[in-house]
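A.B. asks: Provide a 3D model corresponding to the input given below.
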Amino acid sequence: MTTMGDVARIAGVSASTVSHVLNGTRNVNAATRLRVEAAIEEVGYRRNGVARSLAAGRTHTVGLSISALTNPYFGSLVHAVERALSDAGYVLIVGDSHDEVTSEQRVTGSLLDRQVDGMIVAPAAGSEHTTLPEITRTGTPLVLIDRGVDVGCDRVVPENFASAKTLTEHLLDLGHRRVAVVRGLAGITSTIERFDGYCAALSGRGITVDPALVIDGESSTDVAERQVHALMSDADRPTALVSLNNAMTIGTLKAVRGLGLSIPHDVAFCCYDDFEWSDLFEPRLTAAAQDVETIGVKAVELLLRRIHGDDDAAQHIRVPTTFHHRNSCGCG
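C.D. replies: Residues are numbered from 1 along each chain as shown. Have a look, this model is predicted:
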């Protein structure tokens with residue numbers, strides 16, 4: 001690897017002169033500057049950006065700890081965050097926590113070791129007692145995304161309760177009384193809030209939640225497929241289903257198709273999270289769509305403010321969803 005000393009030797013000047021040319025810290029006469037620039041081009045010298053950034057107290061990098069990068073929603077969220085950071089001159093470093101605290105701690109520890117200027121985290125269950133206090137103790141600016149636990153830092157999360165309630169109420173409005181729910185990973189705030197919305201919709205119509213109609217899909221395509229297959233194989237199967245994230249929606253659709261059943265003719269269906277192809281797929285999925293772009297951009301805006309010294313009270317931003325009424329619910 002070429003060094004500043006190599007450039008200085010070829011140009012016939014001191015290393016400090018090369019430094020002044022590179023950093024503009026002192027005037028260098030035109031002839032000397034030309035010799036240094038020619039030597040830089042000859043040897044292909046590149047400044048050590050990490051060392052320069054650390055000397056300035058900034059690396060212009062941001063760490064993101066997030067789960068299930070194979071999930072289309074999280075993939076879109078990473079893209080939104082990366083684009084907003086890139087526009088601000090920052091580089092994003094991403095680690096997959098696999099929704100496990102131990103993995104999350106390894107990811108965030110590695111990011112801290114790399115001296116990131118700030119961190120965005122979609123917290124795993126229980127991380128408010130482990131990972132998040134470890135980050136805040138370092139003084140590293142922190143913003144939570146997608147899931148909001150109250151640890152005294154900024155949070156940007158989607159609207160969960162009312163969205164799940166709306167989806168369930170829509171199925172009830174169509175006359176369904178046996179509405180099953182596929183809920184996500186236990187202990188995650190989004191899982192809790194969405195399930196609470198489902199329960200509130202039933203309660204509002206005087207319907208008691210039937211534990212037999214509550215499926216723990218664990219935010220997994222495979223688990224949801226197995227559980228929905230078992231439920232829909234029963235003679236007393238529900239007439240409607242609501243899935244509370246898109247990984248489980250894929251599993252639900254696979255299970256229904258695997259049984260030779262049809263949506264919405266054999267079972268009505270609504271889901272939380274939308275897909276790019278939802279309006280092209282048959283049946284077209286009735287869904288609550290998250291504004292992924294806004295979630296990512298708002299998280300980056302809050303983080304950059306903290307990085308630049310803003311010490312105002314922590315903000316909690318709820319980003320509304322959009323109800324897309326299509327025909328998987330049996331309408332139209």
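A.B. asks: For residue 110, which residues are in contact?
C.D. replies: By Cβ atoms under 8 Å, 6 or more residues apart in numbering, the contact list for residue 110 reads residue 95. C-betas here are computed from N, CA, C, even on glycine.
A.B. asks: For residue 119, see how far away it is.
C.D. replies: As judged by Cβ to Cβ, to the nearest Å, residue 110 and residue 119 stand 11 Å apart.
A.B. asks: Listing request: residues of the stretch 201-332 of the chain with sub-threshold pLDDT.
C.D. replies: The model of the stretch 201-332 of the chain has pLDDT under 70 over residues 332.
A.B. asks: where do the strands sit along it?
C.D. replies: Residue ranges of the strands in the stretch 201-332 of the chain, as given by DSSP state E, counting those that start in this stretch, are 214-216, 240-243, 268-272, 286-289, 316-319, 322-324.
A.B. asks: Please apply the same query to the stretch 51-200 of the chain.
C.D. replies: Under DSSP E, counting those that start in this stretch, the stretch 51-200 of the chain gives strands at 61-66, 91-96, 118-121, 142-145, 154-158, 179-183.
A.B. asks: now those strands in CSV, with distance to residue 329 and mean neighbour count?
C.D. replies: Listed next are the strands of the stretch 51-200 of the chain as CSV, based on distance: least, Cβ to Cβ, whole Å; neighbours: other Cβ atoms under 10 Å:
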stretch, distance to residue 329, mean neighbour count
strand 61-66, 30, 25
strand 91-96, 33, 17
strand 118-121, 34, 27
strand 142-145, 30, 26
strand 154-158, 21, 25
strand 179-183, 11, 26
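A.B. asks: How about the contacts made by residue 95?
C.D. replies: Shown in contact with residue 95 (Cβ under 8 Å, 6+ apart): 63-66, 106-108, 110-111.
A.B. asks: sorry, back to before: identify whichever of the strands of the stretch 201-332 of the chain lies nearest to residue 179.
C.D. replies: Closest to residue 179 of the strands of the stretch 201-332 of the chain is strand 240-243 (Cβ to Cβ; 4.5 Å).
A.B. asks: That closest one pairs with which strands, and in what direction?
C.D. replies: Strand pairing for strand 240-243, using DSSP bridges, gives strand 179-183 (parallel), strand 268-272 (parallel).
A.B. asks: And the contacts of the first one?
C.D. replies: By Cβ under 8 Å, 6+ apart, the residues outside strand 179-183 that reach it are 168, 171-172, 191, 194-195, 198, 202, 213-217, 224, 227-228, 231, 238-244, 248-249, 251-252.
A.B. asks: and the residue lying closest to residue 293 once chain neighbours are set aside, how many residues sit next to it?
C.D. replies: Among residues not flanking residue 293 along the chain, residue 80 sits closest, at 5.0 Å (Cβ to Cβ, 6 or more residues apart in numbering). Residue 80 is flanked by 21 other residues according to other Cβ atoms under 10 Å.
A.B. asks: ditto for residue 60
C.D. replies: Applying other Cβ under 10 Å, we find 15 residues neighbouring residue 60.
A.B. asks: wait, what's in contact with it?
C.D. replies: Listed by Cβ under 8 Å, 6+ apart, the contact set of residue 60 reads 53, 89-91, 117.
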